[in-house]
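here is a sequence with its predicted model. Questions after.
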Number of protein chains: 2
Amino acid sequence: MASESPTGRASVRSKRADALRNQQALLAAAAEVFVASGVDAPIRQIAARAGVGTGTIYRHFPTRADLVTAVYRHQIEECAEAGPELLAGADSPFTALRQWIDLFVDFLVTKHGLADAMQSDSSGFAALHGHFLDRLLPVCARLLDAAVEADEIRAGTQPYELMRGIGNLCIGGGDPQYDPRRLIELLLDGLRRPRSE
Amino acid sequence: MASESPTGRASVRSKRADALRNQQALLAAAAEVFVASGVDAPIRQIAARAGVGTGTIYRHFPTRADLVTAVYRHQIEECAEAGPELLAGADSPFTALRQWIDLFVDFLVTKHGLADAMQSDSSGFAALHGHFLDRLLPVCARLLDAAVEADEIRAGTQPYELMRGIGNLCIGGGDPQYDPRRLIELLLDGLRRPRSE
DNA sequence: TACTATCCGGAACATCGTTCCGGTTTGTCA
DNA sequence: TGACAAACCGGAACGATGTTCCGGATAGTA
């Protein structure tokens, strides 16, 4: 499906140099602005930081989610890859699950407002939500299954529900009185199968 | 506290008849629009429904939260009052806590987008968040304390954290694949198991 | 009835997301 | 190299929304 350019530079996408430059500048600017003002910072602010017009940002990233996923793609990937590794390395599936969730929570709370945006169905964030799920849901499902199989947690918990719930709990991480991790720990405890009773 | 409230209409005579009429019309219109379009429906829509101008709505309810709390004040009050009653009537403090949380969750999920709005720190919803907490936090604290004292749940859980977490979990109730109640049940189970290992 | 404090309505302003188009730049081909 | 067309750029423009403001209408009173 790769249509080559007329002259035959098929290996590299035949994009103009300025287009590539702007795309890089936008990614860098977005990353900075996201840290400073959250992922729902005004588009104009990101455009200004990158030194481009608003039209340019929409050309490269048609929806907001496209920009956000592009900025955080690397970290999503890292998190997804960590799943199997933890499962192989940990002393038990439940430990692996817990460690993986820790990773996921770290990712969410260190990005200002990411968790908030992921759940919001307004704006163009629905696609962001979708991408996260597409990539991470199977990983979570695998960990859950393994823990169930090892008889460490009760069966019947839907991966989607768990991930969404964890995402929800991470909303509003800026509040010093609210530490999502404690509640997630509680949730995991509840997940553990009661051995006796 | 029965006679007045800072935001309430203590002495009816101090207000002009048209002002009172409009306030009532606004409350009714807001209630309808909230059900139809969620609590973050455009101000203009509510104003139009009530047959008033946008200025009028801001005069009566300076912030969005003022309007929302006014609309739901009765139900918040009901929930707050149910706390002690449940504690007195249930067979154990933990049962009372669980029943009360059920009530709270019912309230949140039946109002379209209320949970979403309560956590969002953008818009003028911060005050809404505040009012909910002011009224319900002591009730929750009381229930928690009782359950701890009865040795039914572990100690050390902050009421604020629990309420906020439950509120967070209720976000996005429209998704048929996501039922916050199951996760909240898990959370309560985690609360219940004493940490001993 | 006349008057004034109060209130009303909507215009006006600011912000933001998104689209669109004239002008510019880049890569290519002769 | 020089010219050309496609691709791209920037920002103006549009629509939606929150919020403020003020001239005019109105209720309650003397």
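Sure thing, it's come through.

would you mind naming what in chain A lies close to chain B?
Listed as neighbours of chain B in chain A under the rule C-beta under 8 Å from any C-beta of the partner chain: A:40, A:116, A:119-122, A:157-158, A:160-162, A:164-165, A:168-169, A:171-172, A:174-175, A:177-180, A:182-183, A:185-192, A:194. All C-beta spots, glycine's among them, are computed from the backbone N, C-alpha and C.

for the lowest-mean-pLDDT helix or strand in chain A, which helices and strands make contact with it?
Least confident element among the helices and strands of chain A, by mean pLDDT, DSSP states H and E: helix A:114-119 (a mean of 78). Judged by 3 or more C-beta pairs under 8 Å, 6 or more residues apart in numbering or on different chains; DSSP states H and E, helix A:114-119 is in contact with helix A:64-89, helix A:93-110, helix A:126-149, helix A:159-169.

winner for burial among these?
helix A:159-169 (a mean of 23; mean count of other C-beta atoms under 10 Å in any protein chain shown).

output the contacting helices and strands for that helix.
Applying 3+ C-beta pairs under 8 Å, 6+ apart, we find helix A:159-169 packed against helix A:93-110, helix A:114-119, helix A:126-149, helix A:180-191, helix B:159-169, helix B:180-192.

how about the ones you listed in JSON lines, adding distance to residue A:86?
Below are the helices and strands packed on helix A:159-169 laid out as JSON lines (distance: least, C-beta to C-beta, whole Å):
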{"stretch": "helix A:93-110", "distance to residue A:86": "4"}
{"stretch": "helix A:114-119", "distance to residue A:86": "21"}
{"stretch": "helix A:126-149", "distance to residue A:86": "8"}
{"stretch": "helix A:180-191", "distance to residue A:86": "14"}
{"stretch": "helix B:159-169", "distance to residue A:86": "25"}
{"stretch": "helix B:180-192", "distance to residue A:86": "21"}
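
lowest average pLDDT across the ones you listed?
Mean pLDDT values for those show the minimum at helix A:114-119, a mean of 78.

is DNA strand C within reach of that helix?
No - using C-beta under 7 Å from any atom of the strand, helix A:114-119 never reaches DNA strand C; the gap is at least 10.9 Å.

what residues does that helix touch?
Residues outside helix A:114-119 that contact it (C-beta atoms under 8 Å, 6 or more residues apart in numbering or on different chains): A:38-40, A:68, A:72, A:107-109, A:123, A:125, A:128-129, A:132, A:164, A:167-168, A:170-173, B:116, B:119-120, B:171-172.

so residue A:141 touches residue A:161, yeah?
No - in this structure, residue A:141 is not within contact of residue A:161 by C-beta atoms under 8 Å, at 11.2 Å.

mind checking the SS state of the closest residue to residue A:158 other than its chain neighbours?
With C-beta to C-beta, 6 or more residues apart in numbering or on different chains as the criterion, residue A:158 has its nearest non-adjacent residue at 7.4 Å, and that residue is residue B:177. Under DSSP: H, G, I helix; E, B strand; the rest coil, residue B:177 falls in the coil class.

now residue B:177: how far from residue A:72?
Distance, residue B:177 to residue A:72, by C-beta to C-beta, to the nearest Å: 24 Å.

neighbouring contacts of the host helix or strand of residue A:45?
Residue A:45 is part of helix A:43-50, with elements assigned from DSSP states H and E. Helix A:43-50 has contacts (C-beta under 8 Å, 6+ apart) with A:22, A:25-26, A:28-30, A:32-33, A:37, A:53-54, A:56-58, A:64, A:67.

got a winner among those residues for most neighbours?
Ranked by neighbour count (other C-beta atoms under 10 Å in any protein chain shown), those have residue A:30 at the top, with 26 neighbours.

wait, what's in contact with that one?
If you count contacts by C-beta under 8 Å, 6+ apart, residue A:30 has them with A:46, A:50, A:67, A:68, A:70, A:71.

tell me the one of those nearest DNA strand C?
Using C-beta to the nearest atom of the strand, residue A:46 comes nearest to DNA strand C of the contacts of residue A:30, at 8.5 Å.

can you count the residues close to that closest one?
24.

any idea how far it lies from residue A:58?
Distance, residue A:46 to residue A:58, using C-beta to C-beta: 11 Å.

check residue A:19 too.
In this view, residue A:19 and residue A:58 are 13 Å apart by C-beta to C-beta.

alright, calling it a day.
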